[in-house]
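Peer 1: For reference, the sequence and a predicted model appear below.
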Amino acid sequence: MADENTVGKINSRLDSDTWSSVLVQALPYFKHWVGKTVVVKYGGNAMLNEDLKRYVMEDIVLLNTIGIKVVLVHGGGPEINAMLEKVGKESKFINGLRYTDEETMEIVQMVLAGKLNKGIVGMLVQQGGKAVGLSGTDGGLIRAKKLDKGDGVDYGFVGEVTQVNPEIIQSLLNEGAIPVVSTIALSETEENVRYNINADTAAAKIAIALEAEKFVQLTNVPGVLKDMNDPSSLIQRIHLNDVQKYFDDGIISGGMIPKIECCLLARNGGVPRTHIIDGRVPHSLLIEMFSDRGIGTMIY
């Protein structure tokens, strides 16, 4: 029977063999992605759980350290809800969109561009990253008009992106920084008007404007599932031409619809790779970027 020292040496050797194999397999992916731009939409549980927050920040700093240009675009629905509740204001949603009156818009801007954005920047800096916080108003990054869905509904200060001016992001990327973007937009016509923008849509449009190589949405689900109750039914790859069939069959439904629509927006805008991945999985971003197994669903 082997003594404890022998067992320890075997386990150590196995660990070394495993890690060396992982690194060797990852090397071609490192080479491919260096110098490329990746836009990550960050939200959901990955923003609420402290461990998952740390994993995401570690992933992004690692990507940046090896020379990948990462842009982090974030939402913050739960935090906005919490702040509205704290000030005694009811969260109101119409057709899945937050009704945003003038007072709510002030709170949205305070939470997204203030507390959340600076908190994320601080976490990235703590991990050794060179992060810079932005809102869509900085440098005229995101311009928008009042959302009009043609349904006669007034959504208040909810905006529709009309233009992305990515120069400020590009400048930061060229300096080796990690831009962290909150999705508050300037009105395209009115000087002092700000709009609340859907973060998924804004991230997709930023990816298009930057001619990004990859657009990734971190979500609260494994990806597109054939059976919503069975995580093993994950569909890992969906061809652009087959998406409508999945809509028609009801496989893409509910909250997955707008996420897939954002993937299609980015893909049709020239972004070669669009992904929906599970932000609840530790280091899911690294798994997606540097392994042949991938994670989540890719629209290609």
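Peer 2: Nice, I can see it. Residues are numbered from 1 along each chain as shown.

Peer 1: OK, contacts around the spatially most central residue of the chain?
Peer 2: Centroid-nearest residue in the chain: Lys41, 1.2 Å away (criterion: Cα atoms, centre = their mean). Contact analysis of Lys41 by Cβ atoms under 8 Å, 6 or more residues apart in numbering lists Val73, His74, Gly75, Ala199, Asp200, Ala203, Ala204, Phe215, Val216, Gln217, Leu218, Cys262. Backbone N, C-alpha and C define where each C-beta goes, glycine included.

Peer 1: did I read that right, Asn229 in a helix?
Peer 2: No - for Asn229, which was evaluated using DSSP: H, G, I helix; E, B strand; the rest coil, the result is coil, with no helix membership.

Peer 1: ok, back up a step: model confidence score at the residue nearest to the centre of the chain, please.
Peer 2: Looking at Lys41, its pLDDT stands at 96.

Peer 1: tell me which residues form a beta bridge with it?
Peer 2: Lys41 has these beta-bridge partners by DSSP bridges: Val73, Gln217.

Peer 1: and what of Asn196?
Peer 2: Val158, Ile184.

Peer 1: That one: how many residues sit nearby?
Peer 2: Counted with other Cβ atoms under 10 Å, residues neighbouring Asn196 total 25.

Peer 1: That one and Ile184 touch, don't they?
Peer 2: Yes - with contacts counted by Cβ atoms under 8 Å, Asn196 reaches Ile184, the gap being 6.9 Å.

Peer 1: what residues are shared contacts of these two?
Peer 2: With Cβ under 8 Å, 6+ apart as the test, Asn196 and Ile184 both reach Val108.

Peer 1: List the residues that contact Ile168.
Peer 2: So Ile168 contacts Leu134, Asp138, Gly139, Leu141, Pro179 (Cβ under 8 Å, 6+ apart).

Peer 1: The last one: what secondary structure?
Peer 2: Going back to what we said before, that points to Pro179. Reduced to three states by three-state DSSP, Pro179 is strand.

Peer 1: List the beta-bridge partners for it.
Peer 2: Counting by DSSP bridges, the residues bridging with Pro179 are Val132.

Peer 1: and the gap between it and Lys259?
Peer 2: 22 Å (Cβ to Cβ, to the nearest Å).

Peer 1: The two: who's more crowded?
Peer 2: Each of Pro179 and Lys259 has its neighbours counted (other Cβ under 10 Å); Pro179 has more, 26 against 21.

Peer 1: how about that one, what does it touch?
Peer 2: Residues near Pro179 by Cβ under 8 Å, 6+ apart: Val71, Leu72, Ala131, Val132, Leu134, Ile168, Ile169, Leu172, Leu173.

Peer 1: and the helix or strand containing the fifth one, what does it pack onto?
Peer 2: When you say that, I think you mean Leu134. Element membership for Leu134, per DSSP states H and E: strand 131-135. Packing partners of strand 131-135 (3 or more Cβ pairs under 8 Å, 6 or more residues apart in numbering; DSSP states H and E): helix 117-126, helix 167-174, strand 178-182.

Peer 1: now for the following helix or strand past that strand, which elements pack on it?
Peer 2: Next along the chain after strand 131-135, taking DSSP H and E as the criterion, comes strand 142-146. Strand 142-146 sits against strand 159-164, strand 184-187, strand 194-196, helix 199-209, with contacts defined as 3+ Cβ pairs under 8 Å, 6+ apart.

Peer 1: Alright, calling it a day.
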